[in-house]
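Chemist: I'd like to go over a predicted model; first the sequence, then the structure.
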Amino acid sequence: MKNNKLKLYGFNNLTKTLSFNMYDICYAVSDESRRQYIEYIDEQYNAERLTQILRNVSDIIGAHILNVASQDYDPQGASVTILISEEEVNDADVVCHLDKSHLTVHTYPESHPQKGIMTFRADIDVSTCGRISPLNALNYLLDSFDSDIVTLDYRVRGFTRDMNGKKLFIDHRINSIQNYIAPATRNRYDMIDVNVYQENIFHTKMVLHDFDLDNYLFNITKDDLTPRQQQQIRRQVHQEMLEIYNGRNMPSMR
């Protein structure tokens with residue numbers, strides 16, 4: 001909401017959660033290149049860097065950090081969880097925030113068992129209670145990962161009360177997550193919405209609409225490939241992107 005703040009009875013009990021599934025697709029031509037890609041992703045998105053990203057998110061949304069837990073995994077992947085609060089708190093206040101206000105990120109690098117397709121997925125949840133909004137960090141997170149495919153979910157749960165006791169099930173205007181995405185980002189993606197307005201549930205899927213094969217090759221360029229190889233790899237990458245975007249396996253592209 002803008003400057004006209006709602007006068008509430010007690011604490012704002014609304015819980016707002018913004019969830020990201022971000023995907024990067026890559027093609028690695030050999031077993032050695034696939035191994036190097038996994039190592040590269042593991043280094044680029046290790047627990048230390050992910051922790052800094054979530055600390056920046058906390059600053060952007062105006063939250064206070066209560067606790068940070070991070071972990072790098074073997075053979076690959078990382079997770080970070082940060083507990084946050086709307087106001088500075090003392091020890092007695094921490095428990096009430098554990099299930100409402102948190103930032104989490106988990107990474108999942110993986111590869112196709114038979115083809116050279118590599119897929120890196122990052123799952124991020126920004127959950128807040130009270131006045132602070134996870135939507136304020138939306139564009140920062142999109143820019144931080146610069147993904148090929150993004151699935152966004154935003155939900156407002158619970159209710160709070162005004163001074164007369166009337167229940168408020170949402171405290172801001174929204175009809176699409178797209179309204180909060182920067183124009184420069186919107187221009188780079190094709191997007192569709194699946195929203196349930198009555199339940200304050202908003203869902204947006206995004207996929208890059210420009211395709212340059214060089215952006216999907218690891219350790220090589222398309223000039224290193226024959227025209228037939230380029231066509232085959234382009235088809236495989238498109239197939240992977242379409243299946244992730246549509247959320248189902250699809251007939252092989254010809």
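Modeler: Okay, I see it. Numbers count the residues shown, from 1 in each chain.

Chemist: Backbone torsions only: list them for residue 149.
Modeler: Residue 149 has phi and psi values of phi -140, psi 140 when expressed as degrees, to the nearest 10.

Chemist: got a list of what it touches?
Modeler: 22-23, 25, 205-208, 241, 244-245 (C-beta atoms under 8 Å, 6 or more residues apart in numbering). Using the backbone N, CA and C atoms, a C-beta is placed for each residue, glycine as well.

Chemist: can you give me the strands for the protein?
Modeler: 15-27, 64-72, 78-85, 102-111, 117-129, 149-157, 160-161, 167-168, 189-193, 201-208 (DSSP state E).

Chemist: and residue 83, how many residues sit next to it?
Modeler: 20 (other C-beta atoms under 10 Å).

Chemist: Check whether it really touches residue 104, as I assumed.
Modeler: No: using C-beta atoms under 8 Å as the test, residue 83 is too far from residue 104 to be in contact (9.8 Å).

Chemist: Need the pLDDT of the residue lying closest to residue 242 once chain neighbours are set aside.
Modeler: Spatially, and ignoring its direct neighbours in sequence, residue 242 is nearest to residue 250 (5.9 Å; C-beta to C-beta, 6 or more residues apart in numbering). pLDDT recorded at residue 250 is 85.

Chemist: Also residue 131?
Modeler: We have a pLDDT of 79 for residue 131.

Chemist: ok, now which ones touch it?
Modeler: 12, 86, 171.

Chemist: in the sheet, who's paired with the nearest residue to residue 26 once chain neighbours are set aside?
Modeler: For residue 26, ignoring the flanking residues on the chain, the nearest one in space by C-beta to C-beta, 6+ apart is residue 118 at 4.4 Å. Applying DSSP bridges to residue 118 gives these bridge partners: residue 26, residue 111.

Chemist: can you tell me how far residue 118 sits from residue 75?
Modeler: 14 Å (C-beta to C-beta, to the nearest Å).

Chemist: which of the two has more neighbours?
Modeler: For the pair residue 118 and residue 75, the greater number of neighbours falls to residue 118 (23 against 8), based on other C-beta under 10 Å.

Chemist: which residues touch that one?
Modeler: 25-28, 34, 37-38, 109-112, 218.

Chemist: Now list the buried members of these.
Modeler: Neighbour counting with 16 or more other C-beta atoms under 10 Å marks 25-28, 34, 37-38, 109, 111, 218 as buried within the contacts of residue 118.

Chemist: Dump these to CSV, plus distance to residue 48 and pLDDT.
Modeler: Conversion of the buried ones among the contacts of residue 118 to CSV gives the following (distance: C-beta to C-beta, whole Å; pLDDT from 0 to 100):
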residue, distance to residue 48, pLDDT
25, 25, 95
26, 22, 94
27, 28, 95
28, 25, 92
34, 24, 89
37, 20, 90
38, 18, 88
109, 16, 87
111, 24, 81
218, 23, 93
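
Chemist: Fine by me, we can end here.
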